[in-house]
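>>> Sequence below, structure please.
(one chain, ligands or ions: 1)
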Amino acid sequence: MVLRTRTPTSKVRLQAGDDDGVGNDRGTSVITRTKPKTKRPNLYRVLLLNDDYTPMEFVIHVLERFFQKDREAATRIMLHVHKHGVGECGVYTYEVAETKVTQVMDFARQHQHPLQCVMEKN
Ligand code: TYC
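Predicted coordinates:
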């Protein structure tokens, strides 16, 4: 496996190779990590889009139900979308964001509202 280094998070150290049994190093070497490798996940914004038909109360309910917003935060986000055309519901890893979008779109369709929810890479 190729070990890529990106200082300062993943310094590497060379280790001596194996002995052949009569005192000769066989010339191999092993690269070992000196720091645990942690990768930050890509994050995605989940956005609501404005439309002329979805009731404000429905949008507030969506924000409470799927994005764990309290009534005040949900109302603020809904009014932001209403005024500016688009607004952020939350930031999540790919699979969580995808699930939120699907849940909102399914819920809106069930209630015959044209509400649109999308995700974008952060
Ligand atoms: N514009 C809608 C109305 O006036 C309310 C609304 C807000 C719709 C946010 C969608 O994402 C939305 N009833």
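>>> Please report the distance of the residue nearest the centre of the chain from P36.
For the chain, the residue nearest the mean C-alpha position is T93 (1.9 Å; C-alpha atoms, centre = their mean). As judged by C-beta to C-beta, to the nearest Å, T93 and P36 stand 20 Å apart. To be clear about C-beta, it is placed using only N, CA and C from the backbone, and glycine gets the same treatment.
>>> for V81, same thing?
With C-beta to C-beta as the criterion, V81 and P36 are 41 Å apart.
>>> again, but for L43
21 Å.
>>> Which of the two has more residues huddled nearby?
L43 (13 against 7; other C-beta atoms under 10 Å).
>>> count of residues packed around the closest residue in space to the more buried one that isn't next to it in sequence?
Take L43 and drop its neighbours on the chain: the residue closest to it by C-beta to C-beta, 6 or more residues apart in numbering is N122, 4.2 Å away. N122 has 11 neighbours, counted by other C-beta under 10 Å.
>>> can you tell if the lengthiest helix in the chain touches the ligand?
Ranked by number of residues, the top helix in the chain under DSSP state H is helix 94-110. No. Using C-beta under 6 Å from any ligand atom, helix 94-110 stays clear of the ligand, with a minimum separation of 9.3 Å.
>>> need the residues of the chain near the ligand, please.
Residues of the chain lying near the ligand (C-beta under 6 Å from any ligand atom): 48-52, 54-56, 59, 78, 81-82, 115.
>>> Generate a PyMOL selection restricted to the buried subset of those residues.
Selection of the buried residues among the residues of the chain next to the ligand in PyMOL, burial being defined by 16 or more other C-beta atoms under 10 Å:
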select buried, resi 48+50+54+59+78+81+115
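>>> Turn the residues of the chain next to the ligand into a markdown table, columns for distance to R71, pLDDT and secondary structure.
Below are the residues of the chain next to the ligand laid out as a markdown table (distance: C-beta to C-beta, whole Å; pLDDT from 0 to 100; DSSP: H, G, I helix; E, B strand; the rest coil):
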| residue | distance to R71 | pLDDT | secondary structure |
| --- | --- | --- | --- |
| L48 | 16 | 99 | strand |
| L49 | 22 | 99 | strand |
| N50 | 20 | 99 | coil |
| D51 | 22 | 99 | coil |
| D52 | 24 | 98 | coil |
| T54 | 18 | 99 | coil |
| P55 | 15 | 99 | coil |
| M56 | 12 | 99 | helix |
| V59 | 12 | 99 | helix |
| M78 | 10 | 99 | helix |
| V81 | 16 | 99 | helix |
| H82 | 16 | 99 | helix |
| L115 | 18 | 99 | coil |
